[in-house]
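1. Give me the fold of what follows.
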Amino acid sequence: MWDPETYLAFGDHRARPFHDLLARVGVRDPSLVVDLGCGPGTLTRLLAKRWPKATVIALDSSPEMVQAALERGVHAELCDVRHWLPAPGTNLVVCNAVLQWVPEHAELLRQWMRALPSGGWLALQVPGNSHAPSHAETTRLAAEPRWRGLFDLRETHRVLEPAGYAAVLAPGAAELDVWETTYLHRLTGSDPVLEWITGTALRPVRAALSASEWEEFRHELAPRLRAAYPAGADGVTWFPFRRIFAVAQAG
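-> Got it, this is the predicted structure:
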């Protein structure tokens, strides 16, 4: 289950890749824009602001996120990306920080590119930090006897390298731009990296454990993350976060 409030705790940091992604989209006057995996709808509203004449549809598989988006005035609907295809006339599909949860997403991207009309755009962004200490320490702890077999973290690691996305998207693309960026987030507060991943990478852990077990897991993980990401004398923790981007225009 997604918790919109936990996810939005670092909303400013999570929004920056969305802005960087949209900056590379060349569509000028779209009539239909789809935010695929809209979350709580905060970023969907930016699509409507940039293209005020477009119909903007927001889709997400989480009832909690869809409800949060509806409460923000966003036209949001429940939808599983694994069973979705662009409708005729779709000019732009934005898929921001979603596909890391879908192991078979390379084939989905091929299907979407084939279904997009000529000139339509697909813009995606996924985390590329599966080998970062934040994930590595979580995986090590999960493998210890106390926690082994209680949850599966593998699906959060199934993203391609930039060259992999280029290979998937290039056959159907008239234009293609693929790149990566490592953001250095300035975090403050108690155990900020733990709080960050609580809203994303630790979702499978939280869903599988009882409340007491969840607190115990967090208690064991916290000092490992503090050692991997020590706070400076000024109380600031610098958190590197790699992300992978691709923007394609269908041929």
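2. where does the stretch 101-250 of the chain have low pLDDT?
-> 154-157 (pLDDT under 70).
3. all helices in it, in order from the N-terminus.
-> Assignment of helices within the stretch 101-250 of the chain using DSSP state H, counting those that start in this stretch yields the ranges 105-115, 133-142, 162-169, 192-198, 203-208, 211-228.
4. For residue 180, see how far away residue 136 is.
-> Counting by CB to CB, to the nearest Å, the separation of residue 136 from residue 180 is 19 Å. No exception for glycine: its C-beta is placed from N, CA and C like everyone else's.
5. Equivalent analysis for residue 53, please.
-> Distance from residue 53 to residue 180, by CB to CB: 33 Å.
6. Please say which of those two ends up with more neighbours.
-> The residue with more neighbours, out of residue 53 and residue 180, is residue 180; 14 against 8, by other CB atoms under 10 Å.
7. Hmm, residue 128 and that one touching each other?
-> Yes: Residue 180 is within contact range of residue 128, at 6.0 Å (criterion: CB atoms under 8 Å).
8. which neighbours do the two share?
-> Counting by CB atoms under 8 Å, 6 or more residues apart in numbering, the common neighbours of residue 180 and residue 128 are 242-244.
9. how about those in TSV, adding neighbour count and distance to residue 208?
-> Converted to TSV, these look like this (neighbours: other CB atoms under 10 Å; distance: CB to CB, whole Å):
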residue	neighbour count	distance to residue 208
242	15	26
243	21	26
244	23	27
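10. quick one: which of those residues is nearest residue 19?
-> The closest of the shared contacts of residue 180 and residue 128 to residue 19 turns out to be residue 243 (CB to CB; 12.1 Å).
11. so what's the closest one up against?
-> Residues counted as contacts of residue 243 (CB under 8 Å, 6+ apart) are 17, 125-129, 180-183.
12. partners of it in the sheet?
-> Residue 243 has these beta-bridge partners by DSSP bridges: residue 127, residue 181.
13. so how far is residue 97 from it?
-> Distance from residue 243 to residue 97, counting by CB to CB: 8 Å.
14. again with residue 241
-> According to CB to CB, residue 241 stands 11 Å off from residue 97.
15. shared neighbours, residue 243 and residue 97?
-> In contact with both residue 243 and residue 97: 17, 125-127, using CB under 8 Å, 6+ apart.
16. Looking at these, spot the one nearest residue 231.
-> Residue 231 lies nearest to residue 127 out of the shared contacts of residue 243 and residue 97, by CB to CB, at 22.6 Å.
17. Enumerate every residue touching the residue nearest to the spatial centre of the chain.
-> The residue lying closest to the centre of the chain (CA atoms, centre = their mean) is residue 97, at 1.5 Å. Residues near residue 97 by CB under 8 Å, 6+ apart: 14, 17, 37, 125-127, 200.
18. In strands only, show me those.
-> 125-127 (DSSP state E).
19. Of these, keep whichever come out buried.
-> 125-127 (16 or more other CB atoms under 10 Å).
20. Now those residues in CSV, please, with extra columns for distance to residue 158.
-> Below are these laid out as CSV (distance: CB to CB, whole Å):
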residue, distance to residue 158
125, 15
126, 10
127, 11
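21. Of the residues you listed, which is the nearest to residue 227?
-> Looking across those and measuring by CB to CB, the closest to residue 227 is residue 127, at 21.8 Å.
22. what separates the closest one from residue 190, distance-wise?
-> According to CB to CB, residue 127 and residue 190 sit 23 Å apart.
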